[in-house]
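Peer 1: Prediction below, plus the sequence it came from.
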Amino acid sequence: MNVLLLGETGVGKSTFINAFVNYLKFDKLDEAKKDPVVLIPVSFTLTTGDNFKEEQIKLEGAGDLYIENFENVGESVTQHCKSYVFAVKDGENRARKLRIVDTPGIGDTRGFSQDEANLQHILTFINGLSYLNAVCILLKPNNARLTAFFRSCFLQLIDMLSDSICDKIIFCFTNSRPAFYTPGNTAAPLRALLESLPSKNISFRRDNTFCFDSESFRYLVAKRQGVNFSGVEEQEYNESWVRSSKESQRLIAYISTIISTDINANKLQSMIKAQLKINLLIRPMLETMRNILRNIILWDKGSQKTSIELQPIPIKTPTAIYLKCPRGYFPLGGLWCKLDSLHMFTNNKCKTCDYDVSDHYVVDYDLQYKISDDLSNKSKKDLEEILDNLCQKSAEFRHFLLGSSCNPETDEFLVGFDRMIKEEEEACNKNNPHELNRKLIEALQQLKEKYENKNEEMPRRKQSIELADIYEKITNVSEYKMIASQINAIHEWHKEMIKYYQHEVAN
């Protein structure tokens, strides 16, 4: 059973997961005191005693997949989607596996662009799952106002997963003890938000709403660090445990009742899905166009029997490239090719250099090259036709993104052309002889200009684009051999990242 966990920054998703695993493992609070499970790092301040002494509580998590941010207040603590797999019993006492996907928070203080980036990351992550059974929305019971971006999340989820997701949406309220284990003041704005959506099929009722209080987990962590509590406090925390433990069992039983039909994102067509597919195609298309230009240059040189082939290698860990760090070159057919020189990431920091993570750009495969002596069945004219088609499709995809994306200001195709030109200029500055790379620079500049002209030819106003038409174009581009091999490497990377950010919870 795959369940997506969504909520605003600070709602307590990580604490919810930490508490949830303890509810599953221990029947009573006294049992959990001996050795509580802490999956995700904990950091909070607790005020104790008559003098209101502040206790700083910090505890590391049990795994090594944590990229948590406790230093910057208002920024999402969870920085990457991560999965936690539990062994559970459903409502009929059958053994099942439950995967909860923890996500970056909505309402990050870094602004709308960061929220949009987080949401795109979430959508990309669930797009890599074989299926999805439920979406769990976490809320606080004292939130009298829900943000516009929160509404946007509903719209984009429905767009990507269709109306079939509506009856699989669950509402979980954290910190609900002060509201007597009810949705409290959040109920009214939540109903108003749901009524404002084009789809009226999302229910907010008792059986799909669950009220938790995670204070008993914070109590367990504080107790482990030697904090003392009064008898009254001990009793309150025990009551919190009993109520929330029962609610967790009710939640599992409910999820078990709605899994008769899975939602397979890969089988659905939507505007959001098309955006994700195009974004994945950008680097493969750009690198393919550059490599076609290399082979045209070799053809003109008289090397019709020799071509350069792209060899994308799937990556199994989080990696990125920093353009200002030195990268190696090697000669191939008279051209200098630049190595990716991947930087390794852990705990949201680069292990290879000291530069900030925001200065890097993430890559999902390591691009290598080889010389092929096989006779190519494509003439120079064939290569030029493919190049023109890819350039045209790049402009069409950019036009589609302009008309459908919430934040389309940056033209990633144009950014890619500029990056490739800069890389070839660097190759000329650092290596000799470099005449063929100089020709490649000229060819890339001409191709960039051609792309810009095609963009200008596109209709200036936003217009509706037939979804079937854009999917046909995506399929057409993806069938080119050089692009298909890169897309396959990207799909392998997505599978590896789901494994990399997954933690199997021991019974």
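Peer 2: Structure received.

Peer 1: Give me the neighbour count for Val357.
Peer 2: When neighbours are defined as other CB atoms under 10 Å, Val357 has 15 of them. C-beta here means a position set from N, CA and C on the backbone, and glycine is covered the same way.

Peer 1: same thing with Arg294?
Peer 2: Neighbours of Arg294 using other CB under 10 Å come to 24.

Peer 1: Next up, the contacts around it.
Peer 2: Arg294 is in contact with Ile308, Gly333, Leu335, Leu440, counting by CB atoms under 8 Å, 6 or more residues apart in numbering.

Peer 1: can we see that at 10 Å?
Peer 2: 307-308, 310, 332-335, 337, 369, 436-437, 439-440, 443 (CB atoms under 10 Å, 6 or more residues apart in numbering).

Peer 1: now for those residues, which pair is the farthest apart?
Peer 2: Leu310 and Lys439 (19.3 Å; CB to CB).

Peer 1: who's more crowded, the two?
Peer 2: Leu310 (21 against 18).

Peer 1: residues contacting that one?
Peer 2: By CB under 10 Å, 6+ apart, the neighbours of Leu310 are 284, 287-288, 290-291, 294, 365, 367-370, 481-483, 485-486, 489.

Peer 1: Would you double-check that it falls in a strand?
Peer 2: Yes: checked against DSSP: H, G, I helix; E, B strand; the rest coil, Leu310 lies within a strand.

Peer 1: how much space between Ala489 and Leu280?
Peer 2: 11 Å (CB to CB, to the nearest Å).

Peer 1: Give the residues shared as contacts by those two.
Peer 2: What both Ala489 and Leu280 touch, as defined by CB under 10 Å, 6+ apart, is the set Asp364.

Peer 1: quick one, phi/psi of Ser270?
Peer 2: Taking degrees, to the nearest 10, you get phi -160, psi 170 for the backbone angles of Ser270.

Peer 1: Surely it touches Gln156?
Peer 2: Yes: if you go by CB atoms under 10 Å, Ser270 and Gln156 touch, sitting 9.2 Å apart.

Peer 1: what do the two both touch?
Peer 2: What both Ser270 and Gln156 touch, as defined by CB under 10 Å, 6+ apart, is the set Leu123.

Peer 1: mind checking which helix or strand Leu251 is in?
Peer 2: helix 231-257 (DSSP states H and E).

Peer 1: again, but for Leu5
Peer 2: Assigned by DSSP H and E, Leu5 falls in strand 2-7.

Peer 1: pLDDT of that strand, averaged?
Peer 2: Taken as a whole, strand 2-7 has a mean pLDDT of 93.

Peer 1: Just checking the distance from it to the centre of its chain.
Peer 2: Taking CA atoms, centre = their mean, to the nearest Å, one finds the center of strand 2-7 at 13 Å from the center of the full chain.

Peer 1: For this protein, which segments are assigned as helices?
Peer 2: Secondary structure of the chain by DSSP state H: the helices cover 13-25, 29-34, 112-127, 148-161, 187-196, 215-224, 231-257, 271-301, 380-404, 412-430, 435-457, 467-478, 481-500.

Peer 1: and the fifth one, what does it pack onto?
Peer 2: It refers to helix 187-196. strand 134-139, helix 148-161, strand 169-173 (3 or more CB pairs under 10 Å, 6 or more residues apart in numbering; DSSP states H and E).

Peer 1: Lowest mean pLDDT across these, which one is that?
Peer 2: When the mean pLDDT of each of the helices and strands packed on helix 187-196 is compared, helix 148-161 ends up at the bottom with a mean of 83.

Peer 1: could you give the angle of that one to strand 134-139?
Peer 2: 180 degrees (axes from the mean of the first three to the mean of the last three CA atoms, to 10 degrees).

Peer 1: What residues of helix 148-161 count as buried?
Peer 2: Of the residues in helix 148-161, Phe149, Phe150, Ser152, Cys153, Phe154, Gln156, Leu157, Ile158, Asp159, Met160, Leu161 count as buried by neighbour count, 16 or more other CB atoms under 10 Å.

Peer 1: from the chain's centre, how far out does the helix holding Leu251 sit?
Peer 2: The answer for helix 231-257 is 31 Å, by CA atoms, centre = their mean.

Peer 1: go on, stretch 337-355?
Peer 2: The chain centre lies 19 Å from the centre of stretch 337-355; the measure is CA atoms, centre = their mean.

Peer 1: Now do the buried residues in that stretch.
Peer 2: Cys337, Lys338, Asp340, Leu342, His343, Phe345, Cys350, Thr352.

Peer 1: Out of these, list just those in strands.
Peer 2: Cys337, Lys338, His343, Phe345, Cys350 (DSSP state E).

Peer 1: Next one: the second one, what pLDDT does it get?
Peer 2: What it means is Lys338. For Lys338, pLDDT reads 93.

Peer 1: hang on, it packs against Met420?
Peer 2: Yes: Lys338 is within contact range of Met420, at 9.3 Å (criterion: CB under 10 Å).

Peer 1: which residue is nearest the middle of the protein?
Peer 2: The centroid of the chain falls nearest to His121 when counting by CA atoms, centre = their mean (2.4 Å).

Peer 1: Could you pull up the residues touching Cys350?
Peer 2: With CB under 10 Å, 6+ apart, Cys350 has these contacts: Pro318, Thr319, Ala320, Tyr322, Cys325, His343, Met344, Asp356, Val357, Asp359, His360.

Peer 1: Please name the spatially closest residue to the second one (chain neighbours excluded).
Peer 2: Nearest residue to Thr319, sequence neighbours excluded (CB to CB, 6 or more residues apart in numbering): Leu342, at 4.2 Å.

Peer 1: wouldn't that neighbour be in contact with Asp366 here?
Peer 2: Yes: Leu342 lies in contact with Asp366 (CB under 10 Å); the separation is 5.9 Å.

Peer 1: Need the residues touching each of the two.
Peer 2: Ile313, Ile315, Thr319, Ile321.
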